[in-house]
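Peer 1: Quick one, structure for this:
(one chain, ligands or ions: 1)
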Amino acid sequence: MATTEKTVAARTGEQFLDGLRGDAREIWLNGEKITHPLEHPALEAAARTLARVYDLQHEHADEMLAPAPDTGALVNVTHLIPRSKEDLERRRRAVELTAAMTAGLMGRTPDYLNVTFACFAGRSDVWARRGNEQGAENLVAYQREMRDRDLSTTHSIMNPQVDRTKPEAEQAAGEVALHKIGETETHITVRGARMLATLAPFADELTIYPGSDIRPQDGRYALSFAIPMGTPGLKFICRDSYSKQRDRFDYPLSSRFDEMDAVAIFDDVEVPKGRVFLDGDTEGYSEVISDTGWRGHIMHQAFTRAHVKLSFAFGLGHLIANTTGVGRFDHIQEKLGQMWNMVELTRSALVSAEAGSFLDEGGVWYPDDRPFLALRGEMPKWLPYCSELLQLIGGGGFMCTPSRADMDGPMAEAIAKYYQAGGADAERRIRLFRLAWDYIGSDLGGRGELYERFYLSDSWRMTALAYKLADKSFPESLVEQFLHE
Ligand SMILES: Cc1cc2nc3c(=O)[nH]c(=O)nc-3n(C[C@H](O)[C@H](O)[C@H](O)COP(=O)(O)OP(=O)(O)OC[C@H]3O[C@@H](n4cnc5c(N)ncnc54)[C@H](O)[C@@H]3O)c2cc1C
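Peer 2: Down below sits the predicted model:
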């Protein structure tokens, strides 16, 4: 596709990096205040990976860019509100290309929130309920801004864990969870904290929207808005960096894919009213999650990425088994077969969701969410289980992994001889096992496993939700026919 600069809203990697060089932000990492992520060695590599994500859309412009319906400018297709089955298929392909770049390890590349806000804007009627027309209008305008500026955004939907047996508003006397403390004609003021905001150091903006239901009396906690990362009073405290500033040979994944997670702290932050989408409507707080179609759309994004990550895990297992010869044992084949089953069932769920997709009552094309609801409980178990299977396939080989420095040092000859495998020379075998260990065993690997268990809530609650939402009419009728004989 020929693109002229005038008509392209989608940013390049360099434009994204320029954005990060702009306004100072307040990021705390290991006691250090960081205002510009590119200037810190622990953050720079992931920022450059995200720049590659932005470049990717230009390399695959035919598949990843399309004109915005109102302006005609070329934007990433994940910003577009789907209006047909083809739109869903095109969006899946764009997400897949993005995910493949990091083997699915970066879960929160900007497409995640592009999809979320496109579906929110597509169903602004839900946001407008109970007199919130202005909030809905703000949201639609913000989604266009996100799209036209091709923003990198982070989000924080959960309040911190203080005492989960209590409603959020009652935990720590209601002072910890994000809440509104004041209002003027031009802005609202908010205070408190939210966990977590993945990608925070690499985002242009922070978005806040609901993550759980709240009680009718907790209106001051019922908030949704978006603000630039450099907003005064907005602070982020990062976990340890898992980014390894080592030769890429040693840590092929940790050296570039640590998307970082941080707690967001709002120290009396002023949010302009034009950026407030919801303020005080506790019913709306639940409805924008249940009634906008967010669930089906975000699972379309999430399981496309999960399919890529499962395929990567399967690829690792297959290549390891064929490198050390264990692939000839039938129980190893069974383990590889289990991994393939998970890949294939995920692919089938995507195909089935798209095949059964339909125009919802708000005019947005919606995937059939039933296969996704079933996967939402299973995926948090499948991906960690794949890591367990990889351990069983690779055995102690994960520990036979000299570093680049060893490979280049006086032991080079011994390594070439003693680390050879039936299916690969020493260097290829070591590369493969180091890659797999960085996936299952490094700090980043451990974080990846936790991410899969929780990033879309937990498996238990999601399986229970699937049961609650399931259409039970056919199963019931099968049983009922025998109860009336
Ligand atoms: C790596 C990572 C990155 C993340 N990134 C983001 C992000 O970018 N943005 C964002 O908003 N969130 C993010 N999250 C947070 C995610 O939304 C939450 O982890 C998830 O919603 C689960 O909530 P929680 O962690 O507070 O766990 P909790 O709700 O505290 O649950 C902990 C355990 O207690 C159980 N439990 C809790 N409450 C109940 C209950 N009422 N009944 C029964 N059991 C219960 C759970 O099942 C679970 O086993 C991230 C999480 C991880 C791990």
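Peer 1: quick one: low-confidence parts of the stretch 251-400 of the chain?
Peer 2: By pLDDT under 70, the stretch 251-400 of the chain contains no weakly predicted segment.
Peer 1: Near the ligand, which residues of it are found?
Peer 2: Within reach of the ligand by CB under 6 Å from any ligand atom, the stretch 251-400 of the chain has these residues: Asp261. Backbone N, C-alpha and C define where each C-beta goes, glycine included.
Peer 1: Where does the stretch 251-400 of the chain get nearest to the ligand, residue-wise?
Peer 2: Asp261 (4.7 Å; CB to the nearest ligand atom).
Peer 1: and that residue, how many neighbours?
Peer 2: Neighbour count of Asp261, defined by other CB atoms under 10 Å: 21.
Peer 1: Can you read off the backbone torsions of it?
Peer 2: When read as degrees, to the nearest 10, the backbone of Asp261 gives phi -130, psi 140.
Peer 1: In this structure it contacts Arg239, no?
Peer 2: Yes - the pair Asp261 / Arg239 is scored as a contact, 5.4 Å apart, by CB atoms under 8 Å.
Peer 1: State the distance from Glu427 to the ligand.
Peer 2: Separation of Glu427 from the ligand (CB to the nearest ligand atom, to the nearest Å) stands at 33 Å.
Peer 1: That residue: which element?
Peer 2: Using DSSP states H and E, Glu427 sits within helix 426-440.
Peer 1: top helix in this protein by residue count?
Peer 2: Counting residues, the longest helix in the chain under DSSP state H turns out to be helix 294-324.
Peer 1: can you pull the buried residues of whichever helix or strand comes after that helix?
Peer 2: Using DSSP H and E, the helix or strand that directly follows helix 294-324 along the chain is helix 330-355. Buried residues in helix 330-355, counting neighbours by 16 or more other CB atoms under 10 Å, are found at 332, 335-336, 339, 342-343, 345-346, 349-350, 353-354.
Peer 1: immediately after helix 330-355, which helix or strand?
Peer 2: Toward the C-terminus, helix 330-355 is succeeded by strand 358-359 as the next helix or strand (DSSP H and E).
Peer 1: For the closest residue to Ala424 other than its chain neighbours, grab the count of nearby residues.
Peer 2: What sits nearest to Ala424 in space, not counting adjacent residues and going by CB to CB, 6 or more residues apart in numbering, is Thr323, at 4.7 Å. For Thr323, the number of neighbouring residues by other CB under 10 Å comes to 19.
Peer 1: wait, isn't Thr323 in contact with Gly422?
Peer 2: Yes - at 7.3 Å, Thr323 counts as touching Gly422 under the criterion of CB under 8 Å.
Peer 1: Backbone dihedrals for Met260, both of them.
Peer 2: Torsion angles, degrees, to the nearest 10, at Met260: phi 70, psi 140.
Peer 1: Same check on Ala412?
Peer 2: Main-chain dihedrals, Ala412, degrees, to the nearest 10: phi -50, psi -40.
Peer 1: same deal with Ala197?
Peer 2: Dihedral angles (degrees, to the nearest 10) for Ala197: phi -130, psi 100.
Peer 1: ok, now which ones touch it?
Peer 2: Counting by CB atoms under 8 Å, 6 or more residues apart in numbering, Ala197 touches 154-156, 203, 206, 236, 261-264.
Peer 1: 7 Å instead, please
Peer 2: 154-156, 206, 236, 262, 264 (CB atoms under 7 Å, 6 or more residues apart in numbering).
Peer 1: circling back to that earlier point, now the residue of the stretch 251-400 of the chain closest to the ligand: how far from Met229?
Peer 2: In this view, Asp261 and Met229 are 15 Å apart by CB to CB, to the nearest Å.
Peer 1: Please apply the same query to Ser243.
Peer 2: Going from Ser243 to Met229 by CB to CB gives 19 Å.
Peer 1: Neighbour count: the two, which is higher?
Peer 2: Between Ser243 and Met229, counted using other CB under 10 Å, the more crowded position is Met229 (27 against 23).
Peer 1: pretty sure the more buried one is touching Arg25, no?
Peer 2: Yes - Met229 is in contact with Arg25 according to CB atoms under 7 Å; the separation is 4.4 Å.
Peer 1: one step back: which residues pair with the residue of the stretch 251-400 of the chain closest to the ligand across the strands?
Peer 2: Counting by DSSP bridges, Asp261 is bridged to Thr198.
Peer 1: got a list of what it touches?
Peer 2: Contacts of Asp261 (CB under 7 Å, 6+ apart): 196, 198, 239.
Peer 1: Now do the same for the last one: its pLDDT.
Peer 2: Per-residue confidence for Arg239 comes out at a pLDDT of 98.
Peer 1: Please name the residues that touch it.
Peer 2: Shown in contact with Arg239 (CB under 7 Å, 6+ apart): Asp261.
Peer 1: Begin at 52, not 1, for the rest of this chat.
Peer 2: All right, first residue 52 from here; so that's Arg290.
Peer 1: and it, backbone torsions?
Peer 2: phi -70, psi 180.
Peer 1: cool, and Val327?
Peer 2: Backbone torsions of Val327, given as degrees, to the nearest 10, read phi -100, psi 130.
Peer 1: What sits closest to it if chain neighbours are left out?
Peer 2: Nearest one to Val327, counting by CB to CB, 6+ apart, is Phe276 at 4.7 Å.
Peer 1: mind listing what the host helix or strand of that neighbour pairs with, with the direction of each?
Peer 2: Secondary structure assigned from DSSP H and E places Phe276 in strand 274-279. Strand 274-279 has its sheet partners listed here by DSSP bridges as strand 256-259 (antiparallel), strand 327-330 (antiparallel).
Peer 1: Out of those, the one nearest Glu321 is which?
Peer 2: strand 327-330 (11.0 Å; CB to CB).
Peer 1: Alpha carbons of the closest one, as PDB, please.
Peer 2: Extracted in PDB, the C-alpha atoms of strand 327-330 (Å, rounded to 0.1, in the frame of the first residue of the first chain):
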ATOM      1  CA  VAL A 327     -13.500  12.200  32.700                       C
ATOM      2  CA  PHE A 328     -15.700   9.400  31.300                       C
ATOM      3  CA  LEU A 329     -17.500   8.300  34.400                       C
ATOM      4  CA  ASP A 330     -17.900  10.000  37.800                       C
END
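Peer 1: contact partners of that strand?
Peer 2: The set of residues external to strand 327-330 that reach it, using CB under 7 Å, 6+ apart, is 178, 183, 186, 189-190, 231, 239, 273-276, 335-336, 339.
Peer 1: before we move on, what about stretch 411-431?
Peer 2: Stretch 411-431 has contacts (CB under 7 Å, 6+ apart) with 132-136, 138-139, 170, 173-174, 176, 344, 346-347, 350-351, 354, 357, 397, 400, 403-405, 407-410, 503-504, 507, 509-510, 513-514, 517, 520.
Peer 1: For Leu529, grab the count of nearby residues.
Peer 2: 9.
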